[in-house]
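Asks: Structure, please.
(chains A and B)
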Amino acid sequence: MAVMHEMASGMGGIRTAGDLVARMVMKGMRIGEAKKYVAGKLGCDVLDLSDSAKMKEIRESLDIGTVNDRPHASYGMSAKIKIAELLDIKIPSVELFKKKLGKAL
Amino acid sequence: MKKYFTRMGDGEALWQTEDELRADVDAGVEDAVKRGKAKPLADDDIAHLLDILMMPEKNVSVERGNEGIHTFDAGTLKIPIRLAVPVSRHTDMLIHERVLCSDTMELCNTDYSYKMVKNIAPEEAMQMEQAQQDVTIPIFYGAMPNLGLYTKPDGQFDNWAELLPQGKIKEGMEAQEGALEQCCEDMVMVSSQQAEAGADGIQFDTAGASGDADLLAALKATKVLKEKYPDTCVTMGMANEFTLGMHGKLKFEDDKLAGQYPRDQVKTCAKAGVDMFGAVVNTNSSRSFAWNLARSLTFVKECTEAATIPVLVNAGMGVGGIPLSAVAPTDAAARVSKSMLEIGKADGL
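Replies: This is a model prediction of the structure:
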């Protein structure tokens, strides 16, 4: 059922901009506002956010994690450090990671 | 007259004409209006719903641009436990991120209640901390308040479900008041460890399952957590469309909890600091899919209009119009998905 919902109405996760929009909805933004905010930060159209071809290019250029791993590409924590800067938000795990390193990134 | 393939609320196949579908849609809307004093769906919404119900495709999807974000309850309980696929919860989260392309994911314990997690809270926090190194999508930690676990013999309080039928109203109310304080403490304790381990969000799932005291425990825990960890999201998934008044007099600030429908539940949750609200409307398995979906949409649309926070509709088995069967038919699930986003104006699921 989860697969059906993802296919029928999901944003598409890291295949598109699903995780980025989710992070803004989690801050209390309604979906339309969250999409506009993320599109503004990415410099793309709102409709591009769920276009996997367009978002692959954008995500690779920003090095913020994609479905396919590539040599030296960021994923997980290293991608989230860039996502926090890109969206201008605090991500709890990034803050914890910085604290562990004992310095600001 | 042409008949369209649809289903009953238990998932059984059903063929209905357009007139029959329309009659069931009208009756479903009317039930929500009658029971919950909800505002009926507009004519254009009903026309859109009928179009979705009569689409010839097996599976349908939203129009481009109408997508919403998806979240999970019992996230890591599904693939490694219920489906018996021998993968770790860490791997499960990566499967969701890179194979299923989920927008978010949830880490959880098999025994899905905060009280049961308390004894293993540090180990659960370690799992979250490890996962956060590898996973890019937001990860929630989730479990249920499950107030019933605080009654004897598992807990220290007398069982109000036994006291109330005996006419011991005062004793039943006092037992709930005591239990909710302990439940709130457990939710804050486990969630605090998760927040400090880097969880992106905390999920209070099936809130209100034991009635208004169960919901109050979750609301009070939310308020504490949002003051301690303002950057950690709290999402509240409800247990049902109507908050049961097992206590009957409990309030969060000035809001009486018993008898609340989604349009009121969402406002009280927002007042407590909840960031995302999970609306629930229960499926009646003896009515048709059309009846259930129309009824659910009536409640949901009113909720999304009243809300100041995002509304993510619960669309698992037996809720949101999804048939009550262990394996939900994909044709029905897809129609619920599309309807909730396009007609209900939900922010996601």
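
Asks: what comes up buried for the helix or strand encompassing B:Gln16?
Replies: Counting by DSSP states H and E, the element that carries B:Gln16 is strand B:13-17. For strand B:13-17, burial by neighbour count (16 or more other CB atoms under 10 Å in any protein chain shown) applies to B:Leu14, B:Gln16. For the C-beta atoms, the positions are set from N, CA and C on the backbone; glycine is no exception.

Asks: Neighbouring strands - and their directions - for it?
Replies: According to DSSP bridges, strand B:13-17 forms sheet pairs with strand B:3-7 (antiparallel).

Asks: ok, back up a step: list the contacts of the strand holding B:Gln16.
Replies: B:Met1, B:Lys2, B:Lys3, B:Tyr4, B:Phe5, B:Thr6, B:Arg7, B:Met8, B:Asp24, B:Ser288, B:Phe289, B:Ala290 (CB atoms under 8 Å, 6 or more residues apart in numbering or on different chains).

Asks: The nearest residue to A:Ile31 once chain neighbours are set aside: how many residues sit nearby?
Replies: Excluding the flanking residues, the one nearest A:Ile31 by CB to CB, 6 or more residues apart in numbering or on different chains is B:Asp347, at 4.0 Å. Around B:Asp347 sit 26 other residues, with neighbours defined as other CB atoms under 10 Å in any protein chain shown.

Asks: Can you pull up the most central residue in the chain?
Replies: Defaulting to chain A. Nearest to the geometric centre of chain A sits A:Leu20, at 3.1 Å (CA atoms, centre = their mean).

Asks: To clarify, I was referring to chain B.
Replies: Taking CA atoms, centre = their mean, the centroid of chain B lies closest to B:Gly237, which sits 3.5 Å from it.

Asks: Quick check: that one touching B:Asn314?
Replies: Yes - judged on CB atoms under 8 Å, B:Gly237 makes contact with B:Asn314 at a distance of 5.8 Å.

Asks: pLDDT wise, what is residue 103 at?
Replies: Unless you meant another one, I'm taking chain A. Per-residue pLDDT puts A:Lys103 at 69.

Asks: hm, I was asking about chain B
Replies: 96.

Asks: quick one, what contacts residue 4?
Replies: All of this is about chain A. Listed by CB under 8 Å, 6+ apart, the contact set of A:Met4 reads B:Asn59, B:Ala328, B:Thr330, B:Ala333, B:Ala334, B:Ser337.

Asks: Wait, chain B was what I had in mind.
Replies: With contacts defined as CB under 8 Å, 6+ apart, B:Tyr4 is in contact with B:Trp15, B:Gln16, B:Thr17, B:Glu18, B:Leu21, B:Leu53, B:Met54.

Asks: again with B:Leu94
Replies: So B:Leu94 contacts B:Asp134, B:Val135 (CB under 8 Å, 6+ apart).

Asks: Make sure it is indeed in a helix.
Replies: Yes - assignment of B:Leu94 by DSSP: H, G, I helix; E, B strand; the rest coil places it within a helix.

Asks: how about CSV for the contacts of strand B:13-17, with distance to B:Asn66 and pLDDT added?
Replies: Conversion of the contacts of strand B:13-17 to CSV gives the following (distance: CB to CB, whole Å; pLDDT from 0 to 100):
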residue, distance to B:Asn66, pLDDT
B:Met1, 31, 86
B:Lys2, 28, 94
B:Lys3, 29, 95
B:Tyr4, 23, 96
B:Phe5, 24, 96
B:Thr6, 22, 96
B:Arg7, 23, 96
B:Met8, 28, 96
B:Asp24, 25, 98
B:Ser288, 25, 97
B:Phe289, 21, 97
B:Ala290, 21, 98
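
Asks: before we move on, back to that, would you quantify the distance from the residue nearest to A:Ile31 to B:Met340?
Replies: Distance, B:Asp347 to B:Met340, using CB to CB, to the nearest Å: 10 Å.

Asks: Touching stretch A:62-70 from outside, list them.
Replies: Here stretch A:62-70 makes contact (CB under 8 Å, 6+ apart) with A:14-15, A:19-20, A:42, A:56, A:59-60, A:73-76, A:79, A:82-83, A:86, B:98, B:101, B:136.

Asks: just to revisit the earlier point, I'd like the next helix or strand past the strand holding B:Gln16.
Replies: helix B:18-36.

Asks: The closest residue to chain A within the stretch 51-200 of chain B: neighbouring residues, count only.
Replies: Nearest to chain A, among the residues of the stretch 51-200 of chain B, is B:Gly198, at 3.2 Å (CB to the nearest CB). By other CB under 10 Å, 25 other residues sit near B:Gly198.

Asks: can you redo the contacts of B:Tyr4 as CSV with pLDDT?
Replies: Formatted as CSV, the contacts of B:Tyr4 follow (pLDDT from 0 to 100):
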residue, pLDDT
B:Trp15, 96
B:Gln16, 96
B:Thr17, 97
B:Glu18, 96
B:Leu21, 97
B:Leu53, 97
B:Met54, 97
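
Asks: where does chain A have low pLDDT?
Replies: A:103-105 (pLDDT under 70).

Asks: residue in it nearest to chain B?
Replies: A:Ser93 (3.2 Å).

Asks: Give the helix, strand or coil label for the closest residue to that residue other than its chain neighbours.
Replies: Using CB to CB, 6+ apart and skipping the chain neighbours, the partner closest in space to A:Ser93 is B:Gly198 (3.2 Å). Three-state assignment for B:Gly198 (three-state DSSP): coil.

Asks: B:Gly198: what's it in contact with?
Replies: Shown in contact with B:Gly198 (CB under 8 Å, 6+ apart): A:Pro92, A:Ser93, A:Val94, A:Glu95, A:Leu96, A:Phe97, B:Met128, B:Glu129, B:Gln132.

Asks: Out of those, list just those in helices.
Replies: A:Pro92, A:Ser93, A:Val94, A:Glu95, A:Leu96, A:Phe97, B:Met128, B:Glu129, B:Gln132 (DSSP state H).

Asks: Now flag whichever of these is closest to B:Tyr141.
Replies: For the ones in helices among the contacts of B:Gly198, the residue nearest B:Tyr141 by CB to CB is B:Met128; the value is 6.0 Å.

Asks: Test my guess that the closest one contacts B:Leu107.
Replies: Yes - at 5.7 Å, B:Met128 counts as touching B:Leu107 under the criterion of CB under 8 Å.

Asks: one step back: what about the residue nearest to the centre of chain A, which helix or strand?
Replies: Judged by DSSP H and E, A:Leu20 forms part of helix A:18-25.

Asks: Nothing else from me, thank you.
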